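J.: Could you look at this predicted model? Sequence included:
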Amino acid sequence: MASSDIFTLGLGLTPPWRVVDQRLETDYQPHELHLAVAADPGARFPCPTCGRLCKPHDWKELSWRHLNFFQHACIIEARVPRTDCPEHGVLRIAVPWARPDSGFTLLFEQAALALMREMPVAAAARIIGVTAQRLWRILRYYVGRAIERLDLSGVEAIALDETAAKRGHSYVTVFIDLDAAERPVLFVTPGKGKECMTAFRAFLAEHGGEARRIAEVVCDMSAAFLAAAAESFPQASVTVDWFHVVQIFTTAVEQVRRAEAHQHNLPKGVRWATLKRPENLTMAQRQALDQLENSGFATAEAYRAKEMLRWVRLAATPQAARWRLTNFLNHVTARLDDPDHLLDPVRQAVDTVRRNAKRIIRRWKSGHSNARLEALNGLFQAARARARGYRNTATFACIIYLLGAPINAMLDVFHST
Ligand SMILES: [Zn+2]
């Protein structure tokens, strides 16, 4: 068997295509193995549109980066014809080893995808020796193609949350299936407002789902989301996740602490102490909190309110939860006697929770786990790390799909279209 035949077999080429020549370019480091692929003389080629076999109209020399051959970069070169179909005109044919307009072979793209599933894109780019931009283009193509095929016909309960690709800006809103135990991500869209809900509703319809089948929507307490949910999914009960209740009080504590730190010297270590769960505090943080509470700081008042939420959360029934939440709000309101307005963030948090009390209590009646949205935070962090250096809403959304959407099988390069 000639070495060309071995390469033909190795590339998985089928007639009329075969390897006709190979040469090693030693001027480059690493060396480049160039494989010349050609069609048998006299071969006819299928029109890309209708498949009718046509004589080649003209030819163009193209090349593709292929998997390394041992330590050598491997490049495939071929003259690719255009067909002149009587019905569809002159069109470039698709070669069996690469996608149209891709500078890589399918096998190369498959190897690149395998790496990008395991590590940051920038790291995969260093290993493979191509630019990260080119890898992002591959990833976005295959993730996009897989997402197009998502079947949302069974979706009945959704949750959504927003997160920033970069601190403080470039938001994306992520929709998940509350019934999916793993890989729950259904839809990722730039922005964080009403138009996100409308966009999801359209996406749902394009993927076999129905807005009227959605029975539950779980979201945060932003007025924009709540109004949009009621409009887009009128049949659904809208529930506020407990995670978001804790979140707005945590933010309030942080705002109070920051404002108060401008006026007074707060005990050292208070910032982390107020954010941690009490059982995880170090001895020094425990002492900082004791000092904070004993000195009558507004931050201590805000912190006590946040910690009292745990007591509400532990209610066993919706009735008990309603009773505890009412008591919590009244108790905190009664203690908000503050001429300096330092506690205004807590006041706002209380107002927001009071306005949404019904939706919050509904969480106790819902059959869906409370942990799903919390788990999303871990996914967001992982996605930020994977997109490091190339983070914008598009790359961030792409990685969230890669890590969190049920597209594993559909990401296969050779998955039939
Ligand atoms: Zn045709």
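T.: In hand now; what should we look at?
J.: Tell me which residues of stretch 402-414 come out buried.
T.: Of the residues in stretch 402-414, 402-407, 410-411, 413 count as buried by neighbour count, 16 or more other Cβ atoms under 10 Å. For glycine as for every other residue, the C-beta is placed from the backbone atoms N, C-alpha and C.
J.: Reformat those as CSV; add distance to the ion and pLDDT.
T.: CSV is the format used below for the buried residues of stretch 402-414 (distance: Cβ to the ion, whole Å; pLDDT from 0 to 100):
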residue, distance to the ion, pLDDT
402, 36, 96
403, 41, 95
404, 41, 95
405, 36, 96
406, 36, 95
407, 32, 93
410, 29, 85
411, 31, 86
413, 26, 82
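J.: just the strands in the chain please.
T.: Ranges of strands in the chain, per DSSP state E, are 17-25, 32-39, 45-46, 53-54, 56-69, 72-85, 89-92, 157-166, 169-177, 185-190, 216-219, 237-240.
J.: For the last one, buried residues please.
T.: Which is strand 237-240. 237-240.
J.: Adjacent strands (with direction) for it?
T.: Strand 237-240 pairs in its sheet with strand 216-219 (parallel), by DSSP bridges.
J.: Likewise for the second one?
T.: Sheet pairing for strand 32-39, assigned by DSSP bridges, gives strand 17-25 (antiparallel), strand 72-85 (parallel).
J.: Check the fourth one too.
T.: For strand 53-54, the paired strands and their directions (DSSP bridges) read strand 45-46 (antiparallel).
J.: For the partner strand, give the mean pLDDT please.
T.: The pLDDT scores in strand 45-46 average 94.
J.: Can you tell me what sits against it?
T.: 39, 52-54, 56, 81, 83, 93 (Cβ atoms under 8 Å, 6 or more residues apart in numbering).
J.: quick one, which of the strands of the chain is nearest to the ion?
T.: strand 72-85 (3.2 Å; Cβ to the ion).
J.: List the contacts of residue 3.
T.: Contacts of residue 3 (Cβ under 8 Å, 6+ apart): residue 22.
J.: Apply 10 Å and report the result again.
T.: Shown in contact with residue 3 (Cβ atoms under 10 Å, 6 or more residues apart in numbering): 19, 22.
J.: got it, and the one 5 residues further on?
T.: By Cβ under 10 Å, 6+ apart, the contact set of residue 8 is 1-2, 14-15, 17-20, 35, 37.
J.: among the buried residues of strand 237-240, which are in reach of the ion?
T.: With the criterion set as Cβ under 5 Å from the ion, no member of these is near the ion.
J.: re the thing from before, most widely separated two among the contacts of strand 45-46?
T.: Greatest spatial distance in the contacts of strand 45-46: 39 and 52, 17.0 Å, computed using Cβ to Cβ.
J.: These two - which one has more neighbours?
T.: Taking neighbours as other Cβ atoms under 10 Å, residue 39 and residue 52 compare with residue 39 leading, 21 against 14.
J.: Pop the domain breakdown of this structure in here.
T.: The chain resolves into domains spanning 3-103, 157-241+373-406, 242-365 when parsed by automatic domain parsing.
J.: right, so of the ones you listed, which gets closest to residue 138?
T.: domain 3-103 (7.7 Å).
J.: Can that closest one be said to contact the ion?
T.: Yes: using Cβ under 5 Å from the ion, domain 3-103 reaches the ion at 47, 49-50, 52, 85, 87-88.
J.: re the thing from before, for PyMOL, what selects the buried ones among the contacts of strand 45-46?
T.: Those of those that count as buried under 16+ other Cβ under 10 Å are selected in PyMOL with:
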select buried, resi 39+54+56+81+83+93
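J.: Out of the contacts of strand 45-46, flag the one nearest to residue 265.
T.: Distances from residue 265 to the contacts of strand 45-46, taken by Cβ to Cβ, are shortest for residue 93, at 75.1 Å.
J.: so what's that closest one up against?
T.: 39, 45-48, 54, 56, 80-83, 100.
J.: Next one, pLDDT for residue 224 please.
T.: 88.
J.: so what's it up against?
T.: Neighbours of residue 224 in contact, by Cβ under 10 Å, 6+ apart: 192-197.
J.: Contact distance from the ion - what residues of the chain qualify?
T.: Counting by Cβ under 5 Å from the ion, the chain sits next to the ion at 47, 49-50, 52, 85, 87-88.
J.: How much space separates the closest residue to residue 38 other than its chain neighbours from residue 37?
T.: Once flanking residues are discounted, residue 38 sits nearest to residue 20: 4.6 Å by Cβ to Cβ, 6 or more residues apart in numbering. Per Cβ to Cβ, to the nearest Å, residue 20 is found 7 Å from residue 37.
J.: Cool, thanks, talk later.
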